[in-house]
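J.: quick check, what structure comes out for this input:
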Amino acid sequence: MADLIKFVQDEFVAKKEFPEFSAGDTITVYYEIKEGNKTRTQFFRGVVIQRRGSGSTETFTIRKMSGTVGVERIFPVNLPALQKVEINKKGSVRRARIFYFRELTGKKARIKEKRG
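T.: Alright, predicted model coming up:
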């Protein structure tokens with residue numbers, strides 16, 4: 001049964017090509033917003049906290065600071081409104097899910113940039 005579900009998802013869900021990114025990277029996600037009968041593009045720039053799931057059900061969580069308030073947003077990889085993903089910085093972290101990043105403030109909340 002699981003094989004059948006995977007087959008249907010692979011065949012009928014349109015795969016979008018995004019650059020490879022992981023937890024700790026700073027990325028900008030451009031997505032469409034519909035307001036009435038108009039559409040506009042908005043972006044969300046922040047640090048990737050986690051990637052979870054696989055295939056068409058994969059999601060990633062981005063965290064940014066808006067003033068002094070932390071804002072997190074979860075994006076499905078196959079969201080039709082997603083236009084593009086840009087990688088701003090490659091971060092060097094030791095974990096796949098950096099939830100400890102939520103409690104850090106000030107200089108401790110910086111992520112070392114990956115070299116090379």
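
J.: from here on, contacts and neighbour counts on C-alpha atoms
T.: Noted.

J.: residues touching the helix or strand where Asn88 lies, excluding its own?
T.: In the assignment (DSSP states H and E), Asn88 maps to strand 82-89. Residues from elsewhere that reach strand 82-89 (Cα atoms under 8 Å, 6 or more residues apart in numbering): Phe18, Pro19, Phe21, Asp25, Thr26, Ile27, Thr28, Val29, Tyr30, Tyr31, Glu32, Glu113.

J.: now do the helices in the protein.
T.: 2-12 (DSSP state H).

J.: can you pull up the most central residue in it?
T.: For the chain, the residue sitting closest to the mean C-alpha position, by Cα atoms, centre = their mean, is Phe60 at 4.0 Å.

J.: which residue packs closest to that residue, ignoring adjacent ones?
T.: Using Cα to Cα, 6 or more residues apart in numbering and skipping residues adjacent in sequence, the residue nearest Phe60 is Arg51, 4.3 Å away.

J.: model confidence for that neighbour, exactly?
T.: pLDDT for Arg51: 94.

J.: which strands or helices does the lengthiest strand in the chain pack on?
T.: In the chain, taking DSSP state E as the definition, the longest strand is strand 38-52. The contact analysis (3 or more Cα pairs under 8 Å, 6 or more residues apart in numbering; DSSP states H and E) places strand 38-52 against strand 26-35, strand 59-66.

J.: same list (those) but as TSV, adding distance to Val85 and mean pLDDT.
T.: What follows is the helices and strands packed on strand 38-52, written out as TSV (distance: least, Cα to Cα, whole Å; pLDDT from 0 to 100):
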stretch	distance to Val85	mean pLDDT
strand 26-35	5	94
strand 59-66	12	94
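
J.: export those as CSV, with columns for distance to Arg102.
T.: Output for these, formatted as CSV (distance: least, Cα to Cα, whole Å):
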stretch, distance to Arg102
strand 26-35, 15
strand 59-66, 8
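
J.: show me what the helix or strand of the chain with the lowest mean pLDDT is packed up against.
T.: Within the chain, no helix or strand scores below helix 2-12, which has a mean of 73 by mean pLDDT, DSSP states H and E. Judged by 3+ Cα pairs under 8 Å, 6+ apart, helix 2-12 is in contact with no other helix or strand.
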